[in-house]
Each structure stands twice: as structure tokens, then as C-alpha cells.
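Chemist: I'll drop the sequence and a predicted model, then ask my questions.
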Amino acid sequence: MSTEAERGIADNKPDFDFHGRALDNIFDEYEEILAKRPVGHSEKYGGFWYIAKSEDIFNAEQDPDTFAVGPSMILPSFGTDVPLIPIDIDPPAHSDFRKILLPMFTPMNIKKLEPGMKETARQLAEEVLSSGEVVDVSAKLARPMPTIIFSRLAGYPEEDWPIFDRWIDEIIYERTAKPETAYAAGRELNDYFDRLLDEREKAGPDAAKDDLIAQLMKAEVKGRKLTREELLSYCYLLFLAGLDTTAWAIRSALWYLAGNQKAQQQLRENPDMIPGAAEEFLRTLSPVQAMARTVKTDTVVQGQELKAGERVVLVFGAGNRDPEVYEEPNEIKIDRENNRHLAFGGGIHRCLGSNLGRAEMVIAMEEFLKAVPHFERANDAEPWHGVGPLTLKIGA
């Protein structure tokens, strides 16, 4: 058996992290590891290998026989040790679970939702404009917009929305420093969906709805209905993915534009550039910086041995800044073309809701830029990442 020194572990990045405050300076970290150690080892979260190059990440995404998602691609846990359906399910079962909701997230179906998205974004942008000269745009727009849109799509009762932000914060953003808080919130969220499913079952067919929860309750896998545990797992993941990542994407785009007046005005005057700009923000300021895998069989990446059973993190955020793929990779160019990025992952586990997330992000920017004639950062200490406050000065 090779020693850690022989495998190069001692010369790696034992403190490499991709969560929390570590993200403040993560782009400098990416530049270093891409240049010096594109496959390395960290001791965080029980220890993992990381893969940073774009091509290596794409290859791993296309090879589930070598890089499995089980026990989970979430590292550390999202407040539960139960595998989340469908992202924590490997082939061949994965496709049976994924295809259940795939028709609801097609471009054609998302197109039907756009008028409602635009109305919601327009109302929220107008509220920002009427809230004074200094406004927390994360609280007023970036967070409520995905909550409203996805909750209606999923079938979450409107009276329950006020509690959702706390669950997101505690499960996703407290999990590295306070895992006990994340697990407590995870139990609350699981209980919430247990009650919601009970209510749906009691309502019976006369109260039939056409939302995500209804589709899950009607779905079958190999001729059988989903078990309650499977339903809860699917609901848990949809909630976290549907509300958090899009809020981050909208907030980070506005964060950048608030600090770059030229780009802000260029998009305001040329709204047809907004979809392309959204792709560039997704590439450079992605809500999903990394996802985990487990090595199933011994393999080698960039000359580095990876052993069966070891955890590996695919660092999408680094791959999205790979100088072998992107010219001036650390520059945000709102007119960049041929922008093949990893913000939604790839392969069989590519983000199910990518079409919805893209549409929400584009529409949020369109309506905000249309309504607000000028905005700039009021607090430069607020980071680019997450869903925390984004305090902007609004107006001339």
C-alpha cells in the first residue's frame, strides 16, 4: 500500500475549503490550485480529494461508474443523513427518479411560467424603488422572488413562506460551523413535508392539483408509488435547491452590477445582452461551487492516485475559471461568447431545474434594471457569495 507521502498528500492543501468565509478569497485559491495542484487533498470535512480542471470535472461527471454520488454529493450534509433524491442516487435507479419531474422543467413548460415570473419581479423591483435610498435588495428581491415562484410551482401554502428563509439559512449556511443547528432545522423541514403530505392525502382526488408535490404523489417507479420516505427525500431536496441557488444567483449578479456602473448601464441600455451576462455571472459567481463524489474503483487523475472509497470534490467554481478553457478566466465579461460552464454540473446529474433558474435570474435582472435607474453598493464589506444582506444605494 502506498504511503500518504508517496501519493503526494503531504504536499497538498490540507485547509482547502469551499464554504462560508473561505469563499471571500476563493478565486485567488482557485488560481493557485489550477496552476500548481489541480488535483489535491484537503483535511476538511473528514478529508477529501479535489479536482479543479474543467476537463477533468467534465470527465468525472460523465463517468458514474468511477465517480459515484452515493452516499451523498452534499459535503457536509444538508442537515440530514438520508440520501436526497435524485441527486444522491446512482445508476441504474437514478433515471427512474429523475424522469418523474423532468417534464415540468422543460424549456417549453418554463416558458409558460414567464408571465407570472415577470409580474412578480416587477412588483418586487417597484417595492425596492419605493423603500428608500438604502435598501437590502437581497431581502427585498433576490430571496423573495424564488420563494414566491418556486413555492407556487411546488404547491407550498403561501402562509408558510415566512419560515422558509430561516430553514434555508440554518440548513445550508450554518452546517459547517453549527451542524447541530442544521440537523435541528432539517428535522423541522422533514416534519413540515410529512404534515403537508398528510394534508394532501386527506384532501383526496377532489382537491387534485397540478404542482410538483401532486406529481410526486402520483408518480410511479417500476410500477409502484413512491414510499413516504422517498417522497420526503425528494421534497426536501426540491425545497433547498429551488429556493437557495436562484436567490444566490440573482443576488451575486446584482452585487457585481452594483460595483460596475459601466456594465450596469450597458445592460440597462441593451437588455438583449442580459441572458449572455447571466451565463457569465453563473460561470464566475456560481451558487454551486463544488459537489462531492465517492471513488468506486481505483483511478488516476492528473497523475494522482485516487483509491476506491475515497471522497472527491469536483470544484465547479475552479473549473469555471480554468485558463485552458477561458480567455482571461477571472475577468467577468458580460459579452463573453461560447460560455460552456459548469454552474449546473454535467452528465446524468446535471441540475434538473436549470431552465427555471436561468429564467428567474434573467427576468429578475431585466425588471430590476428597467425599474431602477441607478444602484451602487452601500457596504463594500458584504461578500459576493451567499444570500445574506446586499445593501444598495438606490437612485441618482
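Modeler: Okay, I see it.
Chemist: For the longest helix along the chain, the averaged confidence score.
Modeler: Using DSSP state H, we find that the single longest helix of the chain is helix 228-258. Across helix 228-258, the average pLDDT comes to 97.
Chemist: Can you list the buried residues in that helix?
Modeler: The neighbour-count check on helix 228-258 (16 or more other Cβ atoms under 10 Å) flags 230-258 as buried. In short, each C-beta sits where N, CA and C put it, glycine included.
Chemist: What residues of the helix or strand following it count as buried?
Modeler: Note on helix 228-258: by DSSP states H and E, the next helix or strand toward the C-terminus is helix 261-269. Across helix 261-269, burial judged by 16+ other Cβ under 10 Å covers 263-264, 267-268.
Chemist: What pLDDT does the model give the closest residue to Ile33 other than its chain neighbours?
Modeler: The spatially closest residue to Ile33, leaving aside those adjacent along the chain, is Ala52, at 5.1 Å (Cβ to Cβ, 6 or more residues apart in numbering). We have a pLDDT of 98 for Ala52.
Chemist: contacting residues for Ala52?
Modeler: Neighbouring residues of Ala52 by Cβ atoms under 8 Å, 6 or more residues apart in numbering: 30, 33-34, 38-40, 315, 318-319, 322.
Chemist: Just the ones of those residues in helices?
Modeler: 30, 33-34, 318-319.
Chemist: Quick check: Leu226 vs Lys202, distance?
Modeler: 18 Å (Cβ to Cβ, to the nearest Å).
Chemist: who's more crowded, the two?
Modeler: Set side by side, Leu226 and Lys202 show more neighbours around Leu226, with 19 against 8, by other Cβ atoms under 10 Å.
Chemist: Could you measure from the more buried one over to Ile213?
Modeler: Counting by Cβ to Cβ, the gap from Leu226 to Ile213 is 11 Å.
Chemist: overlap in contacts of these two?
Modeler: Joint contacts of Leu226 and Ile213 (Cβ under 8 Å, 6+ apart) do not exist.
Chemist: List the buried residues of stretch 31-42.
Modeler: Buried residues in stretch 31-42 (16+ other Cβ under 10 Å): 33-34, 37-42.
Chemist: Okay, now the unreliable bits of this protein?
Modeler: Residue ranges of the chain with pLDDT under 70: 1-11, 205-208, 396.
Chemist: residue boundaries of the strands in it?
Modeler: Assigned by DSSP state E, the strands in the chain fall at 39-42, 48-51, 67-68, 134-136, 220-221, 224-225, 291-295, 299-301, 304-306, 311-314, 375-377, 391-394.
Chemist: Indicate which one of those strands is closest to Ile57.
Modeler: Between Ile57 and the strands of the chain, the shortest separation by Cβ to Cβ is 4.8 Å, and it involves strand 311-314.
Chemist: Name every strand pairing with the closest one and say which way it goes.
Modeler: Under the criterion DSSP bridges, strand 311-314 sits next to strand 48-51 (parallel), strand 291-295 (antiparallel) in its sheet.
Chemist: Next, report how far it is displaced from the centre of its chain.
Modeler: 17 Å (Cα atoms, centre = their mean, to the nearest Å).
Chemist: nearest residue to Lys23 other than its sequence neighbours?
Modeler: Wrong residue type there; residue 23 is Leu, not Lys. His385 (4.4 Å).
Chemist: make that Ala253, sorry
Modeler: For Ala253, the spatially nearest residue (Cβ to Cβ, 6+ apart) is Phe281, at 4.4 Å.
Chemist: surely that neighbour meets Tyr256?
Modeler: Yes - look at Phe281 against Tyr256 with Cβ atoms under 8 Å: they come within range, at 6.4 Å.
Chemist: which residues are common contacts for those two?
Modeler: With Cβ under 8 Å, 6+ apart as the test, Phe281 and Tyr256 both reach Ile332.
Chemist: Look up how far Arg195 lies from the residue nearest the centre of the chain.
Modeler: Nearest to the mean C-alpha position of the chain, by Cα atoms, centre = their mean, lies Thr245 at 3.7 Å. Look at Thr245 and Arg195: by Cβ to Cβ, they are 25 Å apart.
Chemist: For the stretch 1-150 of the chain, which segments count as helices?
Modeler: Taking DSSP state H, counting those that start in this stretch as the criterion, the stretch 1-150 of the chain carries its helices at 4-7, 26-36, 54-61, 93-98, 107-129, 137, 144-154.
Chemist: possible to save the buried residues of stretch 31-42 as TSV with distance to Lys333?
Modeler: Formatted as TSV, the entries for these read as follows, by distance: Cβ to Cβ, whole Å:
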residue	distance to Lys333
Ile33	23
Leu34	19
Arg37	27
Pro38	24
Val39	28
Gly40	28
His41	33
Ser42	31
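Chemist: Burial check on the closest residue to Phe27 other than its chain neighbours, number of neighbours?
Modeler: Setting aside the residues directly before and after it, Phe27 is nearest to Asn330 in space (Cβ to Cβ, 6+ apart), at 6.2 Å. Using other Cβ under 10 Å, Asn330 has 12 neighbouring residues.
Chemist: contacting residues for Asn330?
Modeler: Counted by Cβ under 8 Å, 6+ apart, Asn330 has contacts 27, 31, 284, 321.
Chemist: next one: Met291
Modeler: Neighbour list for Met291: 73-75, 313-314, 316, 345, 349 [criterion: Cβ under 8 Å, 6+ apart].
Chemist: Quick check: it vs Asp198, distance?
Modeler: Met291 is 32 Å from Asp198, by Cβ to Cβ.
Chemist: now Tyr156
Modeler: 15 Å.
Chemist: So for the two, which sits in the more crowded spot?
Modeler: Between Tyr156 and Asp198, counting by other Cβ under 10 Å, Tyr156 is the more crowded of the two (25 against 11).
Chemist: gap between that one and Asn339?
Modeler: For Tyr156 relative to Asn339 (Cβ to Cβ), the value is 33 Å.
Chemist: ok, now Ile363?
Modeler: In terms of Cβ to Cβ, Ile363 sits 19 Å off from Asn339.
Chemist: again with Ala60
Modeler: Distance from Ala60 to Asn339, by Cβ to Cβ: 21 Å.
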